[in-house]
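Engineer: using only what follows, build the 3D model:
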Amino acid sequence: MELNDLIKQAQRILIDLGMDNERSNERSAMTFLALVHLDTNTKWSEATVGEYTVRQIMDWIRDRLGQDYAANSRETIRRFTLHQFIVGGIVEENADDPSRPINSPKWNYRISPSLLKVVKAFNTKDYEAYLNEFLQNITTWRAQQEEIKKFNEVPVTLPNGDQVKLSAGGQNILIKEMVEKFCPRFVPGGKVLYIDDTSHAFRKDQKKLISALGIKMPERGKAPDLIVWLENKHWLFLMEACSTHGPIDVIRKEELEKLFNEKKDQLVFISCFPNRKVMRKYLEDLAWETEAWCASDPDHMVHLDGEKFLGPYGEHD
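Structural biologist: Numbering: from 1, shown residues only. Next up, the predicted model:
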């Protein structure tokens, strides 16, 4: 069998066992092959269970699979492949001596003995049945990661009472406050059209409303963090969360005006900050005829000059 084919088959097994992309890459596939002691001259039915140190795993990969990893790759294999194999239920450590000190040079790894018949059955009619039986007794790495992601999601209550969940981290804590604190105070009755978040897809009614308003959404990465439509005044709020990146400066304001040109006379620009300390860093960058708001002082807003407070400047009274 060609080495590339063998690696691809190992990757297929790892994916079937619930590993993610990182744990089914070439390095992880070769580590798995070393653990079951397979190379291009053996068949899956010849897989075995043995206890191997990281050094022995790397030696097998070098001598039998032709990949000579540098000595400093040992920690990478341990931390970013073997650790996840253990958490995902497919590898055991120190099965011969669970009390072994963590700094022992004899620290070793083996595939779970109950996994062996799954591996030996690969490419046979029994593989799927054995695989499903094995998976019933473990919680896969991928499933555990999904649970962690869900646990860390940021729940956001929209002005109409609906709830969405944003991915953890980044700007989303501030975006939550923009929706839940800014909107009720300054955009009562507003409808959230868009939240820039990797895990949040538009709901159907949002898509319909955006289309009905004649708004052409820019590609992701160019749109502001939050877009809110105030129907009774026909104002479109374009809001940036400025906890880690810059606010609406002159360049960004001009860009947004071009992106939302069909609503140019209805745009309201808001730079949002978690607190005044962060806002001070950006004050001199803020574009005129925009607004600034701090989540730490939700009842107040800073107005950047212009002839009116909070409203589109293209709008005629």
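Engineer: the residue nearest to residue 82 when sequence neighbours are not counted bridge partners, please.
Structural biologist: Spatial nearest neighbour of residue 82, excluding adjacent residues (CB to CB, 6 or more residues apart in numbering): residue 109 at 5.6 Å. The way it works is simple: take the backbone N, C-alpha and C, and place the C-beta from them, glycine included. Beta bridges link residue 109 to residue 52, residue 93, judged by DSSP bridges.
Engineer: who's in contact with residue 109?
Structural biologist: Neighbour list for residue 109: 35, 51-54, 57, 82, 85-86, 91-93 [criterion: CB atoms under 8 Å, 6 or more residues apart in numbering].
Engineer: quick one: which of the residues you listed is nearest residue 139?
Structural biologist: residue 86 (12.4 Å; CB to CB).
Engineer: for burial, what's the neighbour tally of the closest one?
Structural biologist: Neighbour count for residue 86, taken as other CB atoms under 10 Å: 15.
Engineer: contact partners of the host helix or strand of it?
Structural biologist: Following DSSP states H and E, one finds residue 86 within helix 83-87. Helix 83-87 is contacted by residues 19-20, 22-23, 28, 31-32, 91-93, 109, 141, 144 when judged by CB under 8 Å, 6+ apart.
Engineer: whichever of the contacts of residue 109 end up buried, select them in PyMOL.
Structural biologist: Applying 16 or more other CB atoms under 10 Å to the contacts of residue 109, the buried members can be selected in PyMOL as follows:
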select buried, resi 35+51+52+54+57+82+85+91+92+93
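Engineer: so can I have CSV of the contacts of residue 109 showing pLDDT?
Structural biologist: Formatted as CSV, the contacts of residue 109 follow (pLDDT from 0 to 100):
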residue, pLDDT
35, 97
51, 96
52, 96
53, 96
54, 95
57, 96
82, 95
85, 95
86, 94
91, 95
92, 96
93, 95
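Engineer: where are the low-confidence patches of the stretch 101-250 of the chain?
Structural biologist: 147-154, 168-170, 198-205, 220, 244 (pLDDT under 70).
Engineer: disregarding flanking residues, what is the spatial nearest neighbour of residue 214?
Structural biologist: residue 262 (5.8 Å).
Engineer: burial count for the one you found?
Structural biologist: Neighbour count for residue 262, taken as other CB under 10 Å: 12.
Engineer: do you know the pLDDT at it?
Structural biologist: Note for residue 262: predicted pLDDT of 86.
Engineer: same thing with residue 55?
Structural biologist: 95.
Engineer: what helix or strand is it located in?
Structural biologist: Assigned by DSSP H and E, residue 55 belongs to helix 54-65.
Engineer: and residue 218, how far is that from residue 263?
Structural biologist: To residue 263, residue 218 is 12 Å away according to CB to CB, to the nearest Å.
Engineer: same check on residue 83?
Structural biologist: Distance, residue 83 to residue 263, using CB to CB: 50 Å.
Engineer: more neighbours: these two, which one.
Structural biologist: Using other CB under 10 Å, the more surrounded residue of residue 83 and residue 263 is residue 263, with 20 against 16.
Engineer: hmm, that one is touching residue 236, no?
Structural biologist: Yes. Using CB atoms under 8 Å, residue 263 makes contact with residue 236 at a distance of 4.9 Å.
Engineer: all helices of the stretch 151-300 of the chain, in order?
Structural biologist: Per DSSP state H, counting those that start in this stretch, the stretch 151-300 of the chain carries helices over the ranges 172-177, 183-186, 204-212, 250-259, 276-282.
Engineer: contacts for the longest one?
Structural biologist: Where contact means CB under 8 Å, 6+ apart, the residues beyond helix 250-259 that reach it are 218, 222-224, 238, 240, 246, 248, 264, 267, 269, 287, 289-290.
Engineer: please repeat the previous calculation with a cut-off of 10 Å.
Structural biologist: 216-219, 222-224, 238, 240, 245-249, 263-264, 267, 269, 271, 285-290, 314 (CB atoms under 10 Å, 6 or more residues apart in numbering).
Engineer: now the longest helix anywhere in the chain against helix 54-65, angle please.
Structural biologist: Looking across the chain with DSSP state H, the single longest helix is helix 3-16. Between helix 3-16 and helix 54-65, the angle comes out at 140 degrees (axes from the mean of the first three to the mean of the last three CA atoms, to 10 degrees).
Engineer: so what's the gap between helix 3-16 and the chain middle?
Structural biologist: For helix 3-16, the separation from the chain centroid amounts to 25 Å (computed by CA atoms, centre = their mean, to the nearest Å).
Engineer: could you do stretch 293-303 as well?
Structural biologist: Distance, stretch centre to chain centre, for stretch 293-303: 30 Å (CA atoms, centre = their mean).
Engineer: show me what counts as buried in that stretch.
Structural biologist: 293-295, 298, 301-302.
Engineer: let me know the closest of the residues you listed to residue 172.
Structural biologist: Taking those together and measuring to residue 172 by CB to CB, the closest member is residue 295, at 12.5 Å.
Engineer: what strand or helix carries residue 30?
Structural biologist: For residue 30, the host element (DSSP H and E) is helix 26-35.
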